[in-house]
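**Student:** let me see the structure of the following:
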Amino acid sequence: MFFAIGVIELKSIALGIEATDAALKSAGITLVSSHPSCPGKYEIILTGSIADVTAAVDHVKGKFESNIIDSSVMGRIDPHVIEALLGTQQGQREGSLGVIETYSAASAIKAADVAVKCARVELYDLRVSRGIGGKGMILLTGEVGDVSAAVAAGAEYAAGQGLLAHTSIVPAPHPELWDQI
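**Tutor:** Purely as a prediction, here's the structure:
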């Protein structure tokens, strides 16, 4: 089964909590995360079928329209991206390391999806919003050529949205680096 991801960003923390409840009650979705994000915003990430995610996002947009900063529904997301968002992926500490840094959670999720679909890479980690100033960070591992291609593809997507912060490729990470990321 292909999954979709919905991301909703609101101006208010209080209304973000209320919007999360509304989303959960509106459709058969799974809540990936619901939390305050920097600076003083609220972010909701949902997953499920494209129809259910679209219904939940549309419901929240209709009810909280004046407080929505941004929203996105992304269909046919690679299962590894879903696993990374849920914190259940098993990233490999080997090969080269690629990093894509974006200015938003939605752009990071989509850039990760583009990256893992274009080359033979593993999604080591995917972090969105919390503790990183509302940014997104994608860590990819694999052979240096594949990692370079994946980073380029994910970065191209984020840059096209005006949301690319930086990229980096470390061909042979020091063992202590793996312990810190």
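**Student:** lowest-pLDDT helix or strand in this protein?
**Tutor:** One helix or strand of the chain scores below all others by mean pLDDT, DSSP states H and E: helix 79-86, with a mean of 84.
**Student:** packing partners of that one?
**Tutor:** Using 3 or more C-beta pairs under 8 Å, 6 or more residues apart in numbering; DSSP states H and E as the contact definition, the elements that helix 79-86 packs against are strand 3-10, strand 30-37, strand 41-48, helix 105-118, strand 122-128. Every C-beta, even on glycine, is put in place using the N, C-alpha and C of the backbone.
**Student:** number of residues surrounding residue 160?
**Tutor:** The burial metric for residue 160, expressed as a neighbour count using other C-beta atoms under 10 Å, is 11.
**Student:** wait, residue 43
**Tutor:** With neighbours defined by other C-beta under 10 Å, the count for residue 43 comes to 25.
**Student:** for the helices and strands packed on helix 79-86, which one sits closest to residue 137?
**Tutor:** strand 122-128 (4.6 Å; C-beta to C-beta).
**Student:** off-centre distance for that closest one?
**Tutor:** Using C-alpha atoms, centre = their mean, to the nearest Å, we find the averaged C-alpha position of strand 122-128 to lie 8 Å away from the chain's own average C-alpha position.
**Student:** what strands line up against the lengthiest strand in the chain, and which way round?
**Tutor:** What stands out as the longest strand in the chain, according to DSSP state E, is strand 68-77. Partner strands and pairing direction for strand 68-77 (DSSP bridges) are strand 3-10 (antiparallel).
**Student:** right, and the helix or strand after the strand it pairs with?
**Tutor:** The first helix or strand that comes after strand 3-10 along the chain, using DSSP states H and E, is helix 13-26.
**Student:** quick check: residue 53 vs residue 94, distance?
**Tutor:** Applying C-beta to C-beta, to the nearest Å, one obtains 34 Å for the distance of residue 53 from residue 94.
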